[in-house]
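1. How does the following fold in three dimensions:
(2 chains, ligands or ions: 1)
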Amino acid sequence: MCLCHNPINCIVPPHMLDVMLLRGDKSVRKMAESLLKIGESTREDRAASMGSGVVPANDGSGTFVSHAMAMGAPGAHTCNREVYDGEEKAALPGVLVRGEGDPPTGDVEVDRAYEGAGAVFDLYSEEFNRNSIDGFGMTMIQTVHHRRNYNNAFWNGLQMAYGDGDGRIFQTFTELSVIAHEISHGVVQHSGGLIYQGQSGALNESYADVFGAMTQQRRLGQTVYEADWLVGRGILGPEINGVALRSMKAPGTAYSDALLGQDPQPYHMDFYVNTTSDNGGVHINSGIPNHAFYLYCMYMGGNAWEKPGQIWYRALQQINNPHATFGDWAAQTLDASISLYGAGSYEMLMLRRAWNLVGIDV
Amino acid sequence: MGFVTAGCLVMMIKISTSGGFGGLSMAGVSRVAMVEDLPAAQLDVYCKAFAPDALQAMAQTSPPAGRADTVTYQITVTDADGAHQFELDETQLPPDLLDLIDALPQD
Ligand SMILES: [Zn+2]
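-> Numbering: from 1, shown residues only, chains lettered A, B, ... in the order given. Modelled structure (predicted):
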């Protein structure tokens, strides 16, 4: 027998409360928080997720889309970058060393982060009509030299942070595909979010890799056939036997090293890795949707940010399901291909084939 | 097992990590420190920072909903009551504590 005073607390399971916390409007988030008995620090999280909710679509279809898409064509987009020096400490953001319009500092990490964020901003603005991370011109805050010998880069809900690596396993994280990957996690958050666990977490990872590779290709002026489809090329230490951290063209082949072992990414659902570590293998199983995107690009030709990128971006804006599985995501991309290019179009049929080739029926 | 240092009940701190941008366990940290071996000037700082009650309070907080690629810390603190295990996202750990972890020698 349910004895709660609040009937919602009796009905709504915890995973739904997670969704409400992530995607609801202010009052819903407040209610979900109280139900989940979340502590003090969540006030900051809520501030971070402001603007990440979804709204009804303008077309009266009864669906929901992200704020950024519902806004339609915005006015002039403004790029605002701030790069901070973490001075090998953990406190964020650190000391501001380069703001928007400032000249290069001479610190290669600072300047790469600044230039890289500009390339990501341009991709989203010029190809997807999105004004920065949140669609509303959010300042892109980046901290380099984060902590000592830190082998990582992350998005913390508010900003990007990059370690320098320990020089042995990693030697840098300010490589363009990595910068674009981290900023794209922010785009995911401000597009309704994909819960960072299991398949939805792997989709979050895959979206970040897709837009990381896309940013790199656009910067280099590469077609899908010219690109290397590597994520994190050159960031591994000089003694590591590997070319990058991940390969979208051939998941599982980016490195093979005595210290790191073999790149564990699968390219097909038959090899899906069930694990509890790494939030349920979010950096492992992302190889499957990564490879589907690559295969689709091979069918389409041209540039990744054209038809494939438009479909992936639209799917993210419209999916309205933070717990999406690979099958849900594939279906959403198919819907996006139909709305953009028509039912039964070559674009739609080849997309279905790409998903089938990685073991996902749609 | 070492002696209980005056004013400090923590005897051993063991830290390992998983997750992060690469998802590579080998890229993480693995640290074990006997509190009695730490520099005397740092003893009190580490004792307070790694007190089970303090870590428990951190574990009660929620990491930011949209975060990605952050590192998960597995921290085991052993005191007279036995081993206390915590799993914490790095966004749940205060910067001062992360700096203390970075200052410990690699296992
Ligand atoms: Zn990521």
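2. Now do the contacts for residue A:301.
-> Contact analysis of residue A:301 by Cβ atoms under 8 Å, 6 or more residues apart in numbering or on different chains lists A:223-225. Using the backbone N, CA and C atoms, a C-beta is placed for each residue, glycine as well.
3. could you dump those residues to TSV with neighbour count?
-> Formatted as TSV, the contacts of residue A:301 follow (neighbours: other Cβ atoms under 10 Å in any protein chain shown):
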residue	neighbour count
A:223	13
A:224	23
A:225	9
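4. Sticking with whatever residue is furthest in space from the centre of chain B, tell me its helix or strand.
-> The outermost residue of chain B relative to its centre, with distances by Cα atoms, centre = their mean, is residue B:66 at 23.6 Å. Under DSSP states H and E, no helix or strand contains residue B:66.
5. That one touches residue A:184, doesn't it?
-> No. If you go by Cβ atoms under 8 Å, residue B:66 and residue A:184 don't touch, sitting 11.7 Å apart.
6. immediately after the strand or helix carrying residue A:82, which helix or strand?
-> Residue A:82 is part of strand A:81-85, with elements assigned from DSSP H and E. Going down the chain from strand A:81-85, the next helix or strand is strand A:95-99, by DSSP H and E.
7. So which bits of the helix or strand following that following strand are buried?
-> For strand A:95-99, the succeeding helix or strand toward the C-terminus, using DSSP H and E, is helix A:108-122. For helix A:108-122, burial by neighbour count (16 or more other Cβ atoms under 10 Å in any protein chain shown) applies to A:109-121.
8. any chance of these in a markdown table, with distance to residue A:192 and pLDDT too?
-> Formatted as a markdown table, the buried residues of helix A:108-122 follow (distance: Cβ to Cβ, whole Å; pLDDT from 0 to 100):
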| residue | distance to residue A:192 | pLDDT |
| --- | --- | --- |
| A:109 | 32 | 98 |
| A:110 | 32 | 98 |
| A:111 | 33 | 98 |
| A:112 | 30 | 98 |
| A:113 | 27 | 98 |
| A:114 | 29 | 98 |
| A:115 | 29 | 98 |
| A:116 | 25 | 98 |
| A:117 | 23 | 98 |
| A:118 | 26 | 98 |
| A:119 | 25 | 98 |
| A:120 | 20 | 98 |
| A:121 | 21 | 98 |
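9. Tell me the one among these nearest to residue A:268.
-> Nearest to residue A:268, judged by Cβ to Cβ, of these is residue A:120 at 29.9 Å.
10. Can you report how many residues lie near the closest residue to chain B within the stretch 1-150 of chain A?
-> Closest approach between the stretch 1-150 of chain A and chain B, counting by Cβ to the nearest Cβ: residue A:90, at 3.6 Å. Close neighbours of residue A:90, defined as other Cβ atoms under 10 Å in any protein chain shown, add up to 23.
11. Tell me the bridge partners for the residue most central in space within chain B.
-> For chain B, the residue nearest the mean C-alpha position is residue B:75 (4.7 Å; Cα atoms, centre = their mean). Beta bridges link residue B:75 to residue B:15, residue B:86, judged by DSSP bridges.
12. what's near enough to touch the residue in chain B positioned nearest to the ion?
-> Going by Cβ to the ion, the ion is nearest to residue B:69 of chain B, at 4.0 Å. With contact set as Cβ under 8 Å, 6+ apart, residue B:69 has these partners: A:152-155, A:182, A:185, B:19-21.
13. Which of the residues you listed has the largest number of neighbours?
-> In terms of neighbour count, residue A:153 stands highest of the contacts of residue B:69 at 32 neighbours, by other Cβ under 10 Å.
14. and the nearest residue to it once chain neighbours are set aside, what is it in contact with?
-> Spatially, and ignoring its direct neighbours in sequence, residue A:153 is nearest to residue A:173 (4.0 Å; Cβ to Cβ, 6 or more residues apart in numbering or on different chains). Contacts for residue A:173 (Cβ under 8 Å, 6+ apart) come out as A:152-153, A:162-165, A:235, B:21.
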